[in-house]
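J.: Using only what follows, build the 3D model:
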Amino acid sequence: MPNLVEIRDLHFSYGKRAILNDLHMDFPRGKVVAVMGGSGSGKTTVLRLIGGQVRPHKGAVTVDGQTVHKLKTDDLYLLRRKMGMLFQHGALFTDLTVYENVAFPLREHTDLPEELIRDLVLMKLHAVGLRNAARMKPGEISGGMARRVALARSIALDPQLIMYDEPFAGLDPISMGVTANLIRNLNAALGSTTILVSHDVKESFLIADYVYFLSQGKVVAHGTPDDMMASSDPYVKQFVHAESDGPVPFHYPGKSLEADLGLGARA
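T.: Have a look, this model is predicted:
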């Protein structure tokens with residue numbers, strides 16, 4: 001099966017508010033796929049559907065051949081063991097050391113002896129350049145380092161699928177570049193599939209094999225980063241080149257300024 005994750009004819013709403021409509025997406029094994037779009041376009045909801053946190057109202061998400069929303073609780077937990085997740089801003093346990101944060105999923109999901117857990121944790125921290133920070137607390141390291149600790153935790157179980165929710169948010173340019181390189185290199189080293197949700201065009205395009213653009217809950221464009229850079233689609237062009245106005249307007253829709261000020265009536 002060439003795709004690890006497939007989304008077919010998917011619809012999802014929060015109450016009466018439609019979030020995703022008729023979504024069709026493929027995430028091939030061993031590839032880095034970026035899911036991009038403006039705030040509120042449904043990017044993070046895609047990750048939640050893949051992880052089984054929410055259920056589609058129509059359509060299906062399959063991971064490794066299993067339809068996620070049809071799984072029983074125990075089977076869903078087993079499937080999640082094949083997934084790694086880097087949450088927005090890292091979401092580290094602030095009262096635990098760097099070492100304990102990375103050890104947490106190993107202790108939670110395996111019966112490995114502590115000696116082996118120690119070796120695995122140090123190997124994961126070494127992979128992100130932070131083995132010598134193992135005994136520090138998250139509050140004692142920089143934001144960029146904390147994001148790398150969260151990355152080490154997300155790969156603790158050598159997952160088939162790694163999902164990143166805004167991994168570059170709030171990072172300085174150096175930390176951004178380091179994180180991007182780690183995502184690409186770890187994907188290759190683990191042979192995993194990576195789904196990258198991000199607003200950051202430059203770093204995402206440098207490491208992604210394929211890109212999906214979402215707008216108002218729909219896929220409006222998809223292709224390689226080079227395809228997207230050359231795209232004449234108005235939405236993609238506005239997003240990629242950071243234009244202030246276009247299909248996504250600068251002003252929130254509603255009455256004109258003249259109408260609010262009563263200028264039309266005076267005229």
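J.: What is the neighbour count of Asp172?
T.: A total of 11 residues lie near Asp172 under the criterion other Cβ atoms under 10 Å. (C-beta placed from N, C-alpha, C; glycine too.)
J.: In contact with it, which residues are there?
T.: Neighbouring residues of Asp172 by Cβ atoms under 8 Å, 6 or more residues apart in numbering: Gly144.
J.: Could you pull out the strands in the stretch 51-200 of the chain for me?
T.: 58-63, 66-67, 83-86, 161-165, 193-197 (DSSP state E, counting those that start in this stretch).
J.: comparing those strands, which gets the lowest mean pLDDT score?
T.: Among the strands of the stretch 51-200 of the chain, strand 83-86 has the lowest mean pLDDT, at a mean of 87.
J.: wait, which of the strands of the stretch 51-200 of the chain is closest to Asn101?
T.: For those, the distance to Asn101 is smallest for strand 83-86, at 12.3 Å, taking Cβ to Cβ.
J.: which strands and helices sit next to the closest one?
T.: helix 143-154, strand 161-165 (3 or more Cβ pairs under 8 Å, 6 or more residues apart in numbering; DSSP states H and E).
J.: re earlier: could you save the strands of the stretch 51-200 of the chain as JSON lines and add columns showing mean neighbour count and distance to Leu116?
T.: Putting the strands of the stretch 51-200 of the chain into JSON lines (neighbours: other Cβ atoms under 10 Å; distance: least, Cβ to Cβ, whole Å) gives the following:
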{"stretch": "strand 58-63", "mean neighbour count": "18", "distance to Leu116": "27"}
{"stretch": "strand 66-67", "mean neighbour count": "14", "distance to Leu116": "28"}
{"stretch": "strand 83-86", "mean neighbour count": "23", "distance to Leu116": "19"}
{"stretch": "strand 161-165", "mean neighbour count": "24", "distance to Leu116": "22"}
{"stretch": "strand 193-197", "mean neighbour count": "25", "distance to Leu116": "26"}
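J.: Ser204: which of the ones you listed is closest?
T.: Of these, nearest to Ser204 by Cβ to Cβ is strand 193-197, at 6.1 Å.
J.: Compute the inter-axis angle for the closest one and strand 58-63.
T.: Per axes from the mean of the first three to the mean of the last three Cα atoms, to 10 degrees, the angle that strand 193-197 makes with strand 58-63 is 130 degrees.
J.: now strand 193-197 against strand 161-165, angle please.
T.: Using the same axes, to 10 degrees: strand 193-197 against strand 161-165 is 10 degrees.
J.: What's the first helix or strand after strand 193-197?
T.: Reading on from strand 193-197 to the C-terminus, the next helix or strand found by DSSP states H and E is helix 201-207.
J.: and the helices and strands packed on strand 83-86, which one is worst for confidence?
T.: When I compare the helices and strands packed on strand 83-86, helix 143-154 is least confident, with a mean of 87.
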